[in-house]
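# output the structure for:
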Amino acid sequence: MSKLTFNVRVTKVIEVTFETDYLTDEFWDDFNSSISDRGGPDPEYLAEHAAWNFVQGDERFIEGIGPLKEMEIVIRETDSEVDVEEASE
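As a prediction, this is how the structure comes out:
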């Protein structure tokens, strides 16, 4: 029996929109204590965390953030690209 193995690279562009009224000091304290101690507000890391979890299938609730709808967070895929190459042995 023969096998074929492929390396498949999937690149997704994810847009994350936050309602900043929800990003209070209390939110950041809770987020930093449950995810990692970032030492303060870090919206770029929050967007990264949200997008990563979104592509893993968490479309309603994200650990450290909470229910997306309740937090008025909108996450959507805006673009994607797929590259396939046969794996070398």
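
# residue ranges for the strands of this structure, please.
Secondary structure of the chain (DSSP state E): strands at 6-17, 61-62, 66-67, 74-86.

# possible to save those as CSV with distance to Ser34?
Placement of C-beta: from N, CA and C, glycine included. What follows is those, written out as CSV (distance: least, C-beta to C-beta, whole Å):
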stretch, distance to Ser34
strand 6-17, 18
strand 61-62, 11
strand 66-67, 10
strand 74-86, 19
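
# deepest-packed of these, please.
strand 61-62 (a mean of 18; mean count of other C-beta atoms under 10 Å).

# pretty sure Ile75 is touching Phe54, no?
Yes. Assessed by C-beta atoms under 8 Å, Ile75 is found in contact with Phe54 at 4.6 Å.

# just to revisit the earlier point, and the strands of the chain: which comes nearest Asp42?
Among these, the nearest to Asp42 by C-beta to C-beta is strand 6-17 (13.2 Å).

# state the mean pLDDT of that closest one.
In this model, strand 6-17 carries a mean pLDDT of 97.

# in terms of secondary structure, what does that strand contact?
helix 43-55, strand 74-86 (3 or more C-beta pairs under 8 Å, 6 or more residues apart in numbering; DSSP states H and E).

# in the first one, what's buried?
Residues of helix 43-55 classed as buried: Leu46, Ala47, His49, Ala50, Ala51, Asn53, Phe54 (neighbour count, 16 or more other C-beta atoms under 10 Å).

# dump the residues you listed to JSON lines, plus distance to Val13.
As requested, the buried residues of helix 43-55 are exported to JSON lines (distance: C-beta to C-beta, whole Å):
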{"residue": "Leu46", "distance to Val13": "17"}
{"residue": "Ala47", "distance to Val13": "12"}
{"residue": "His49", "distance to Val13": "16"}
{"residue": "Ala50", "distance to Val13": "14"}
{"residue": "Ala51", "distance to Val13": "9"}
{"residue": "Asn53", "distance to Val13": "16"}
{"residue": "Phe54", "distance to Val13": "12"}
